[in-house]
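Participant: Fold the following.
(2 chains)
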Amino acid sequence: RKEVEQDPGPFNVPEGATVAFNCTYSNSASQSFFWYRQDCRKEPKLLMSVYSSGNEDGRFTAQLNRASQYISLLIRDSKLSDSATYLCVVTRGGSGDKLTFGTGTRLAVRP
Amino acid sequence: DAGVIQSPRHEVTEMGQEVTLRCKPISGHDYLFWYRQTMMRGLELLIYFNNNVPIDDSGMPEDRFSAKMPNASFSTLKIQPSEPRDSAVYFCASSLNSNQPQHFGDGTRLSIL
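Facilitator: All right, here's what the predicted structure looks like:
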């Protein structure tokens, strides 16, 4: 079983739609959780951290459920520019420590 | 500000040849990471360094792979001899410390024929 699992997609949604991605992790010792965004043929970039209480950054909301060992990302009012691959990331340390990446969920937002 | 700098951006070579990938981390960053990304396996950590010392190389696939960090501003990842299955995008990343986000370089696209 992979340490971090994601639905590869693609999720194909119209502009303005709300879309949600889930991710599960197997290591209960994981301490920190993140969502990264990767555009086609580009490097991954940190999108947001994920906290147990849930956190929001504009149109993006991240949630963590430690009991069930899953993480979610909700994108409201999708924009064409949101089209990318979203990577779920876990670590037993901090954001600058050894990271384990999911294989990513691809999102395509259409006009 | 200069980010993580990787070279070359692209490399195409024949199997059996030695390949050397280079990385210059962001100045002052204590951690340096080497990743490999393929369609099938996603982004995998190969090895990482803290203050130039290798901490975890459990992700290095085989003895054909080796990495060094002779000083705080330079690291190399070598593959010798290279094989077609090594074809991938190799990313280098650095972080200020274990609690600050990693910054990735643009990657090296490696094709082994």
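
Participant: give me the number of residues near the closest residue to chain B within chain A?
Facilitator: Chain A approaches chain B most closely through residue A:96 (3.0 Å), counting by CB to the nearest CB. Where you see a C-beta, it was placed from the backbone N, CA and C, and this is true even at glycine. Here the count is done by other CB atoms under 10 Å in any protein chain shown, and residue A:96 has 25 residues near it.

Participant: same question, residue A:9
Facilitator: Using other CB under 10 Å, residue A:9 is surrounded by 15 other residues.

Participant: sec struct for it, please.
Facilitator: Of the three states, residue A:9 takes coil under DSSP: H, G, I helix; E, B strand; the rest coil.

Participant: show me what contacts it?
Facilitator: By CB atoms under 8 Å, 6 or more residues apart in numbering or on different chains, residue A:9 lies in contact with A:105-107.

Participant: Just the ones of those in strands?
Facilitator: Among the contacts of residue A:9, the ones falling in strands (DSSP state E) are A:105-107.

Participant: is the one residue in chain B that gets nearest to chain A in a bridge, and if so with what?
Facilitator: In chain B, no residue comes nearer to chain A than residue B:95, which is 3.0 Å away by CB to the nearest CB. Beta-bridge partners of residue B:95, counted by DSSP bridges, are residue B:31.

Participant: you'd agree it is up against residue A:93?
Facilitator: No. Contact status for residue B:95 versus residue A:93: not in contact, 10.5 Å apart, counting by CB atoms under 8 Å.

Participant: Can you name the residues of chain B that neighbour chain A?
Facilitator: For chain B, the residues in contact with chain A (CB under 8 Å from any CB of the partner chain) are B:31, B:33, B:41-45, B:48, B:55-56, B:91, B:95-102, B:104-107.

Participant: Which members of those residues are classed as buried?
Facilitator: B:31, B:33, B:42-45, B:48, B:91, B:95-96, B:98, B:100-102, B:104-107 (16 or more other CB atoms under 10 Å in any protein chain shown).

Participant: residues in contact with residue 3?
Facilitator: Chain wasn't specified; assuming chain A. Residue A:3 neighbours (CB under 8 Å, 6+ apart): A:25-27, A:90, A:100.

Participant: ah, no, chain B please
Facilitator: By CB under 8 Å, 6+ apart, residue B:3 lies in contact with B:26, B:103, B:105.

Participant: How about residue A:70?
Facilitator: By CB under 8 Å, 6+ apart, the contact set of residue A:70 is A:22-25, A:64.

Participant: what do you get if the cut-off is 7 Å, keeping everything else the same?
Facilitator: A:22-24 (CB atoms under 7 Å, 6 or more residues apart in numbering or on different chains).

Participant: Residue A:83 too?
Facilitator: Residue A:83 neighbours (CB under 7 Å, 6+ apart): A:107-109.

Participant: Any quick PyMOL command for the buried ones out of the residues you listed?
Facilitator: Here is the PyMOL command that picks out the buried ones among the contacts of residue A:83, judged by 16+ other CB under 10 Å:
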select buried, chain A and resi 107+109
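
Participant: Between the contacts of residue A:83, which sits nearest residue A:40?
Facilitator: residue A:108 (10.7 Å; CB to CB).
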